[in-house]
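>>> please work out how this folds:
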Amino acid sequence: MTRNILVTGSSTFFATRLIHELGRKGANVTAADSLFLSAGKMPNYTRRCVRLPMLATHPGKYLDAVLAELQAREYD
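Numbers count the residues shown, from 1 in each chain. Predicted coordinates for the structure are as follows:
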């Protein structure tokens with residue numbers, strides 16, 4: 001069974017490694033980050049990319065965006 005996984009902070013080193021490994025194993029990965037482009041959002045391993053507000057400057061908007069994504073799609 002294919003897993004649907006949301007990974008936030010996709011520009012970080014650890015998230016990028018996690019995304020690559022999950023994608024390589026067949027998971028449907030959605031990469032979410034405040035950056036327009038990041039290594040974790042590369043199309044080889046991600047199904048979708050979501051741009052979030054910056055956590056450091058807009059924590060409430062960041063949380064709202066993450067919750068909206070979790071409600072809009074089914075994640076494991």
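>>> so what sits opposite residue 32 in the bridge?
residue 8, residue 50 (DSSP bridges).
>>> report how many residues lie close to residue 56.
Residue 56 has 8 neighbours, counted by other Cβ atoms under 10 Å. Placement of C-beta: from N, CA and C, glycine included.
>>> then residue 65?
Neighbours of residue 65 using other Cβ under 10 Å come to 19.
>>> also the one 10 residues further on?
When counting by other Cβ under 10 Å, one arrives at 12 neighbours for residue 75.
>>> am I right that residue 26 is in contact with residue 5?
No: Residue 26 is beyond contact range of residue 5, at 10.9 Å (criterion: Cβ atoms under 8 Å).
>>> so for these two, which sits in the more crowded spot?
Using other Cβ under 10 Å, the more surrounded residue of residue 26 and residue 5 is residue 5, with 17 against 10.
>>> identify the residues contacting that one.
For residue 5, the contacting residues are 22, 27-30, 75-76, by Cβ atoms under 8 Å, 6 or more residues apart in numbering.
>>> where's the spatially most central residue of the chain relative to residue 7, distance?
For the chain, residue 31 is the residue whose C-alpha lies nearest the centre (Cα atoms, centre = their mean; 2.2 Å). Counting by Cβ to Cβ, to the nearest Å, the gap from residue 31 to residue 7 is 6 Å.
>>> what is in contact with these two at once?
In contact with both residue 31 and residue 7: 15, 19, 40, using Cβ under 8 Å, 6+ apart.
>>> in helices, which of those residues fall?
Taking DSSP state H, the ones among the shared contacts of residue 31 and residue 7 that sit in helices are 15, 19.
>>> highest neighbour count among the shared contacts of residue 31 and residue 7?
With neighbours taken as other Cβ under 10 Å, the top of these is residue 40, carrying 28 neighbours.
>>> quick one, strands of the chain?
Taking DSSP state E, the strands of the chain run over residues 4-8, 28-33, 48-51.
>>> looking at those, which is nearest to residue 70?
Smallest distance to residue 70 across the strands of the chain (Cβ to Cβ): 6.9 Å, for strand 4-8.
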